[in-house]
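S.K.: I'll drop the sequence and a predicted model, then ask my questions.
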Amino acid sequence: MQYRIEGETLPVLIMNLEDGEKVITEGGGMAWMSPNMLMETTSNGGIGKVFGRAFSGDTLFQNIYTSQGGPGELAIASSFPGSIKVFEITPGNSMILQKSAFLASSQGVELSMHFRKKLGAGLFGGEGFIMQKVSGNGIVFAEFDGHVIEYNLEAGQQIVVDTGHLAAMTESCQMDVKTVPGVKNMLFGGEGIFNTYITGPGRIWLQTMPVSNMAGVLLKYIPSSK
């Protein structure tokens, strides 16, 4: 597979496939394609996988596109102003993504639910109790909100993240949620009540504009009925 990512504010992933090559996408993701691309909608793993993807923020079913009779092209557009990132997945090196981040992947990559081990992290970590886990062997494309900053954490090194800004991390990282110290800080600091603590070793990707933050800002300007 050859691919390129075009655009900045609203990027699009353009994949060029060889004859017979397949790619897996979330339902409704296709923006345009060459006429020789064959689409098949599938549960891709049975009813358990369907509900697992639903709980992790993905669509119920996935689409498998196959190039037939020669090379083909498939474009998947992002659904929100942000960034599209590419990750190489190998056995034993899984990635944890925020909900709804999965965009597309090559065959051999498996998408499943990931439960945060600690209840506090699940309830107050900003993206819900369930995240997305990608494992297997292949390439996965993920979309994040706003610009993305990457950090490489050493063993024991920590970073404190405001809820919602964690986009992705390697499975080797540990995550916990702690209350903001001081009652006055919690009530009047404007940073919320909880922060997410991520501990290395591993790599993390942080997003600058979570969709939940944007929704909160826009809500102020939406007229309410009286």
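M.R.: Received it, and whenever you're ready, just let me know what you need. Residues are numbered from 1 along each chain as shown.
S.K.: all helices of the protein, in order?
M.R.: 47-55, 119-124, 183-188, 211-219 (DSSP state H).
S.K.: which sections of the chain are below the confidence cut-off?
M.R.: Counting by pLDDT under 70, the chain shows low-confidence ranges at 44-60, 115-129, 180-193, 212-221, 224-226.
S.K.: at 80 instead, please
M.R.: Along the chain, the model assigns pLDDT under 80 to residues 43-61, 113-130, 163, 177-195, 210-226.
S.K.: Quick test: name the residue nearest the centre of it.
M.R.: The C-alpha lying nearest the average C-alpha coordinate of the chain belongs to Ala101 (CA atoms, centre = their mean; 2.1 Å).
S.K.: now it, nearest residue through space, not along the chain?
M.R.: Ala142 (4.3 Å; CB to CB, 6 or more residues apart in numbering). No exception for glycine: its C-beta is placed from N, CA and C like everyone else's.
S.K.: Can you give me the neighbour number for the one you found?
M.R.: For Ala142, the neighbour count with other CB atoms under 10 Å is 24.
S.K.: swap in the one 5 residues further on?
M.R.: His147: 13 surrounding residues under other CB under 10 Å.
S.K.: Next, count neighbours for the nearest residue to it once chain neighbours are set aside.
M.R.: Spatially, and ignoring its direct neighbours in sequence, His147 is nearest to Thr208 (4.6 Å; CB to CB, 6+ apart). By the criterion of other CB under 10 Å, Thr208 has 15 neighbours.
S.K.: Wait, Thr208 touches Gly146, no?
M.R.: Yes. The criterion here is CB atoms under 8 Å, and Thr208 meets it with Gly146 at 3.8 Å.
S.K.: and the residue nearest to Ala101, what is it in contact with?
M.R.: Listed by CB atoms under 8 Å, 6 or more residues apart in numbering, the contact partners of Ala142 are 84-85, 87, 97, 101-103, 134, 167-168.
S.K.: Tell me the bridge partners for it.
M.R.: In this entry, Ala142 is beta-bridged to Lys85, Phe102, by DSSP bridges.
S.K.: List the buried residues in stretch 173-181.
M.R.: Neighbour-count burial for stretch 173-181, counted by 16 or more other CB atoms under 10 Å, picks out 173-177, 180.
S.K.: which of those lies closest to Lys22?
M.R.: Nearest to Lys22, judged by CB to CB, of those is Cys173 at 31.0 Å.
S.K.: Look up phi and psi at the closest one.
M.R.: phi -80, psi 150 (degrees, to the nearest 10).
S.K.: residue contacts, the closest residue to it other than its chain neighbours?
M.R.: Setting aside the residues directly before and after it, Cys173 is nearest to Gly202 in space (CB to CB, 6+ apart), at 3.8 Å. By CB under 8 Å, 6+ apart, the contact set of Gly202 is 152-153, 169-173.
S.K.: Take these and keep only those in strands.
M.R.: 152-153, 169-170 (DSSP state E).
S.K.: Which one (most neighbours) among those residues?
M.R.: Met169 leads the ones in strands among the contacts of Gly202 on contacts (other CB under 10 Å) with 23 neighbours.
S.K.: does that residue really touch Ser94, like I thought?
M.R.: No. The criterion here is CB under 8 Å, and Met169 misses it with Ser94 at 10.3 Å.
S.K.: got JSON lines for the contacts of Gly202, with distance to Thr9 too?
M.R.: Shown next, in JSON lines, are the contacts of Gly202 (distance: CB to CB, whole Å):
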{"residue": "Asn152", "distance to Thr9": "27"}
{"residue": "Leu153", "distance to Thr9": "29"}
{"residue": "Met169", "distance to Thr9": "25"}
{"residue": "Thr170", "distance to Thr9": "28"}
{"residue": "Glu171", "distance to Thr9": "31"}
{"residue": "Ser172", "distance to Thr9": "32"}
{"residue": "Cys173", "distance to Thr9": "29"}
